[in-house]
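Okay, sequence plus prediction incoming.
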Amino acid sequence: MTAPSLCGLLVDDDPLYLRTLQRSLARREIQTDTAHDLAGALEQATRSPPAFALIDLKLGSESGLALIQPLRELRADMRILLVTGYASIATAVEAIKLGADDYLPKPATVPMILRALGETDDGHEEPEDVEPPDAMTPISRLQWEHIQQALHETGGNVSAAARLLGMHRRSLQRKLQKRPSPERDPNR
């Protein structure tokens with residue numbers, strides 16, 4: 001079982017996800033504080049620098065990327081995990097460059113989080129609905145990541161990204177409106 005001294009900070013603008021994740025981690029004797037935005041996260045971390053932080057990439061209109069460096073300055077050995085429902089290669093690379101230790105798809109399960117933290121999950125079985133690690137990424141997800149990388153390389157310029165991808169600007173705009181689902185959900 002995980003040592004009770006492990007404490008963390010969960011930062012997400014979805015209160016239901018935060019409560020559920022906090023309870024799941026508490027069952028494994030991991031204490032966590034929560035925050036819904038950048039200011040609340042920095043305030044909480046300044047009061048009590050956590051051993052790890054799990055940060056959502058999108059926090060309303062704010063970016064969780066902005067938390068990486070300030071948290072790293074508070075505690076150099078803090079494990080920083082970025083989670084997102086719309087992962088892209090470009091944001092993963094940017095997060096790692098800024099100092100994040102890992103980048104996880106959302107919803108991140110407790111076993112995924114524990115693996116990223118280098119902890120064991122003794123005595124707890126992984127839920128059956130968790131996708132096996134060797135499952136192939138859907139083509140829609142790969143296409144979305146490729147588009148995001150092109151947008152990142154062109155500074156968000158849709159016309160330039162469309163030229164880079166060899167497609168019409170309107171076609172790219174239509175594809176951008178159709179975000180792929182973050183994970184397969186057997187309940188849908």
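Right, received. Where do you want to start? Numbering: from 1, shown residues only.

going forward, measure contacts and count neighbours with C-alpha atoms only.
OK.

Number of residues surrounding I68?
21 (other C-alpha atoms under 10 Å).

Double-check that it belongs to a strand.
No. Counting by DSSP: H, G, I helix; E, B strand; the rest coil, I68 is not found in a strand; it is helix.

Might you report the residue contacts of it?
I80, A95, L98, G99, A100 (C-alpha atoms under 8 Å, 6 or more residues apart in numbering).

Let me know the closest of the residues you listed to Q148.
Within the contacts of I68, proximity to Q148 (C-alpha to C-alpha) peaks at A95, which comes in at 14.3 Å.

Count the residues that sit near that closest one.
Residues lying near A95 (other C-alpha under 10 Å) number 22.

Three-state assignment for it, please.
Relying on three-state DSSP, one would call A95 helix.

For the residue nearest to it when sequence neighbours are not counted, grab the count of nearby residues.
Spatial nearest neighbour of A95, chain neighbours left out: L65 (6.3 Å); criterion: C-alpha to C-alpha, 6 or more residues apart in numbering. Using other C-alpha under 10 Å, L65 is surrounded by 21 other residues.

Distance of R47 relative to L9?
R47 sits 11 Å away from L9, going by C-alpha to C-alpha, to the nearest Å.
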